[in-house]
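A.B. asks: please find the sequence and the predicted model below.
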Amino acid sequence: MPRAFPTVAQVLQLPSLTIRTVPPGWQDMNGHVNVRHYLEIYDEASRPLLPVLGLVGLEGDGGQGLFDLEHHIAYLAELHVGDQVSAHLRVVGRSAKRFHGVMFIVNHTRRQLASTLEFISSAADLAARRTMPLPDGAARWLDEAIAAQARLDWPAPLCGVMAP
C-alpha cells in the first residue's frame, strides 16, 4: 500500500529547523543535487535539536548526544542549485531511550515536498559510546511534541517497519 505524503502547506505547520539555498557545489553530473546532500540537510536540521533536548555533546555538560539507529529516505522531487529549502521535524513516538520521527525537506522555490527521512535515534553517552535513557528534559520535550503534533489533521508518512 503506497504511503500518502503531506502537502507543502501541511509540512509548513511544523517548525523549520534550517533553511538554506542549495549551493553550486552540490550539483552532480546529472544536473541535480546528489542524494548525499539530502542527508546533509537532515543532519544540519538535527543540530538545533541537541540543546533543546539537553544533549549538548562532548564539549558541553554531560557528554551526551544522539546516535542514529535507522533511516528510511524517500526522494520525492529533485533539488537544484539555487533552490531555497527548509527542513521540518515531526516526532511520532518514543521509548525510554529512543525516539521515532520524520523529517521533511520542502523546496520553497518549486513549492514541492522534496524528501522525507523517517528515523529512529537514541540518546547516547558519548564518553562511554553507549545508548542511554533520554534525559528527563528531552523526554518531556518529546512528549509535548508528540502530543501537539498528534493533533495535526494529517498522518505522518511512515514506512511501517520502524518503532522506537
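C.D. replies: That came through, no problem.
A.B. asks: quick one: distance of stretch 141-150 to the chain centre.
C.D. replies: 15 Å (C-alpha atoms, centre = their mean, to the nearest Å).
A.B. asks: give me the number of residues near Gly54?
C.D. replies: Counted with other C-beta atoms under 10 Å, the neighbours of Gly54 add up to 19. In short, each C-beta sits where N, CA and C put it, glycine included.
A.B. asks: do you know how far it is from Trp141?
C.D. replies: 8 Å (C-beta to C-beta, to the nearest Å).
A.B. asks: go on, Pro6?
C.D. replies: From Pro6 over to Trp141 (counting by C-beta to C-beta), the distance is 22 Å.
A.B. asks: could you check which of the two has the larger neighbour count?
C.D. replies: Per other C-beta under 10 Å, whichever of Pro6 and Trp141 has more neighbours is Pro6, with 23 against 18.
A.B. asks: I'd say that one and Pro157 touch.
C.D. replies: Yes: under the criterion of C-beta atoms under 8 Å, Pro6 makes contact with Pro157 at 6.8 Å.
A.B. asks: lowest-scoring secondary structure element of the protein by mean pLDDT?
C.D. replies: Using mean pLDDT, DSSP states H and E, helix 49-53 stands out as the lowest-scoring helix or strand of the chain, at a mean of 87.
A.B. asks: and that helix, which residues are buried?
C.D. replies: With burial defined by 16 or more other C-beta atoms under 10 Å, the residues of helix 49-53 counted as buried are 49-50, 53.
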